[in-house]
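Asks: Here is the input, now give the coordinates:
(2 chains)
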Amino acid sequence: MLDRQSDLDHEAGRRDRILRDPAFQTLVRERTSFAWTMSIVMLAVYLVFIGLSAFGKGFMASTIGDSSISWGIVLGLFTIVFAFALTGVYVARANGRFDALTAQIDRDVA
Amino acid sequence: MRLSPFRSAALAAALAATATAAVAAGPDLGATRQSATNWEAIIIFLAFVLLTLGITYRAARTTRSAADFYAAGGSITPGQNALAIAGDFMSAASFLGISALVFTSGFDGLIYSVGFLVGWPIVLFLIAERLRNLGKFTFADVASFRLDQTAIRILSAVGTLTVVAFYLIAQMVGAGSLIKLLFGLPYGYAVAIVGVLMIVYVAFGGMKATTSVQVIKACLLLFGATIMALAVLWHYGFNPNALMADAVKIQPKGAAILGPGGFVADPVSTVSLGLALMFGTAGLPHILMRFFTVRDARAARKSVFYATGIIGYFYVLTFIIGFGAITLLMNDPSFYTVAADGTYNKLTGLIGGGNMPALALSKAVGGSLFYGFIAAVAFATILAVVAGLTLAAASAVSHDLYANVIARGRSNERREVLISKLTAVVIGVIAIVLGYLFETVNVAFMVGLAFAVAASCNFPVLLMSLMWRGTTTRGALVGGLLGLVTAVVMVVLSKGVWVAVFKFHDAIFPYDNPAIFSMPLAFAAIYLVSKSDTSRRAQRERALFEEQFVRAETGIGAAGAHAH
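Replies: I've put the predicted structure just below:
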């Protein structure tokens, strides 16, 4: 029982130190706003695509120049590539900046 | 017998007319006839079965702890996990169904592909890393981190089992019809083979074997689809414009295939379907479970990145395959059921039924051996998907219901794993029986329903418990149940069930997909009920948020998937 209590105190102490750690506060602030911005951008691009498919059928069916490729097909393929690119941007930033901050927090509370 | 081609064509036409009832995984795989025994396909499939059984045997020998069984001991690399995630996601319905939809409607197929893909960035940005940092084996570990274990685990298990049940029945019925068609085996045999193999993979090999099956299947499917797309592009000198121009000339709908067609009738259904596809992904238990199989949050993040690339690539391939099927098949009567006067229906008259474009194309570009290969891959695909689903359901029963609710943590690992294995056997048997019973039922709505429930119950509960300090057990319980019940009731009252299955004349719920109503309802209920919850338990749960927050954000104190 005693051991468990001291474990709990130790956990709580570590938690409070992390919460006060400037590196932690920076990490949470930057990542939260980054992740939500990226989510909203993704949702917005997708809603434009779905919205045009539902309400702008004429535009989506119109071909580009003299080709037989329509705006709908281009925008659909663009959304797929865009989604992948967006995950790439997130991973690049997370592997660099966010992992460095997490490592910093690890050192601070060690 | 002479009526049967006509009947299947009529069914295919009826399916196309009921439009978005086919939802989520694309049109269903129903309406097929048994064909001559296809030995090439059977031999290639047997090779796949032998290989995967060998892997299962090896996996069984190294699976000892609960962590091995549920999460492969956290030993899966990001690359393997990405292939396995893609394997879970690229079902036979999405391969055959989406290419068939492109074949008949062109652009409309792309609406599904895009919807399926855009959920992945959201999973990455908001869920994947936090899930890995907080959980051990199931997403209920995460949702119940600071909330009441009993209530939230029961809710999560009900959500998991509901999603899996609908998804599994759809896959079993699809497997039966497809195998009857491709291999020339009777429906009942096909369902039994799928059921027995999935029991063997899951019960003996656990997550290690299930992952290997997924990885192998994903590689085979990507290989086959790549060859087909390259063959189509090569035919047009790698000029997509020439392919499109030819397709517009050959397809009876002409230039209409380049834009949105009748498949997405009303805007509300379109947007609702879009939401279910996008957010359902973040609530599918067999997908969420995959994040516990890697070492840490960093590996989980990389898995999603690679998986998004693989899945996106795959959908581009299905699009090319669909257009290739238009140009290479529609002018060739040998692929069609031709009437006495020499005419045939280019859209619905393919021999074998509405889901055949990709398979007929494989025959057109690669002969009967390649056709056998693609047919075997389609079977392997179904097998891998059902194995993943069964493992997720078995984990919900043994880890959430048994170990944490019934035994309240007083069980031991060995017994928990044993219960899981027994559950896998029971689920397999139930799946065989249901697959058999549902042979003639139009199951097109089921995958859509699975996505709608995932988006309206699992996803809101998970996201709110992760992100919002104020979430309480009472709020999560009320909101989750409300989302679940509303989604199911609305689907039952919609055209896909009320008219197509129960044969009533008019649907009571006017739209094809409930997510646009049921998902916001779940979020609103979680928020309002949590806000009004002033119990002592609620105060304790809010106070525990910081503990959860620190671990979710940093991974410090996170459970390794390996036993300590």
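Asks: tell me what the longest helix belonging to chain A is packed against?
Replies: Identified as the longest helix of chain A according to DSSP state H is helix A:22-55. Secondary-structure packing of helix A:22-55 (3 or more C-beta pairs under 8 Å, 6 or more residues apart in numbering or on different chains; DSSP states H and E): helix A:57-61, helix A:71-93, helix A:99-109, helix B:108-122, helix B:267-280, helix B:545-554. C-beta: built from backbone N, CA, C; applies to glycine.
Asks: Between helix B:108-122 and that helix, find me the angle.
Replies: Counting by axes from the mean of the first three to the mean of the last three C-alpha atoms, to 10 degrees, helix A:22-55 points 170 degrees away from the direction of helix B:108-122.
Asks: okay, the angle between helix A:22-55 and helix A:71-93?
Replies: 170 degrees.
Asks: so which of the helices and strands packed on helix A:22-55 is the most packed in?
Replies: Mean neighbour count, computed with mean count of other C-beta atoms under 10 Å in any protein chain shown, is highest for helix B:108-122 among these, reaching a mean of 27.
Asks: returning to that earlier point: averaging pLDDT over each of the helices and strands packed on helix A:22-55, which comes out lowest?
Replies: Comparing mean pLDDT across the helices and strands packed on helix A:22-55, the lowest value falls on helix B:267-280: a mean of 84.
Asks: Give me the helices and strands touching that helix, please.
Replies: Using 3+ C-beta pairs under 8 Å, 6+ apart: helix B:267-280 touches helix A:22-55, helix B:108-122, helix B:444-453, helix B:515-532.
Asks: could you dump the helices and strands packed on helix A:22-55 to TSV with distance to B:Ile154?
Replies: Formatted as TSV, the helices and strands packed on helix A:22-55 follow (distance: least, C-beta to C-beta, whole Å):
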stretch	distance to B:Ile154
helix A:57-61	45
helix A:71-93	34
helix A:99-109	34
helix B:108-122	26
helix B:267-280	21
helix B:545-554	20
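Asks: center of the chain - which residue?
Replies: I'll assume chain A. A:Ala35 (3.3 Å; C-alpha atoms, centre = their mean).
Asks: wrong one, I was asking about chain B
Replies: Central residue of chain B (C-alpha atoms, centre = their mean): B:Phe89, at 5.2 Å.
Asks: so that one touches B:Phe116, yeah?
Replies: Yes: with contact defined as C-beta atoms under 8 Å, B:Phe89 counts as touching B:Phe116 (7.2 Å).
Asks: which residues are in contact with both of the two?
Replies: B:Thr281, B:Ile311 (C-beta atoms under 8 Å, 6 or more residues apart in numbering or on different chains).
Asks: Wait, B:Thr211 touches B:Ile76, no?
Replies: Yes: between B:Thr211 and B:Ile76 there is a contact under C-beta under 8 Å: 5.8 Å.
Asks: The two: who's more crowded?
Replies: B:Thr211 (30 against 26; other C-beta atoms under 10 Å in any protein chain shown).
Asks: could you list every residue that touches that one?
Replies: B:Ala72, B:Ile76, B:Gln80, B:Asn81, B:Ala84, B:Thr293.
Asks: quick check, nearest of those residues to chain A?
Replies: Set against chain A, the nearest of those by C-beta to the nearest C-beta is B:Asn81 (14.1 Å).
Asks: that older thread, with respect to B:Leu434, which of the helices and strands packed on helix A:22-55 lies nearest?
Replies: The closest of these to B:Leu434 is helix B:267-280. By C-beta to C-beta, the value is 21.6 Å.
Asks: How much space separates B:Ala393 from chain A?
Replies: 29 Å (C-beta to the nearest C-beta, to the nearest Å).
Asks: Would you mind naming the helix or strand containing that residue?
Replies: For B:Ala393, the element it lies in under DSSP states H and E is helix B:357-395.
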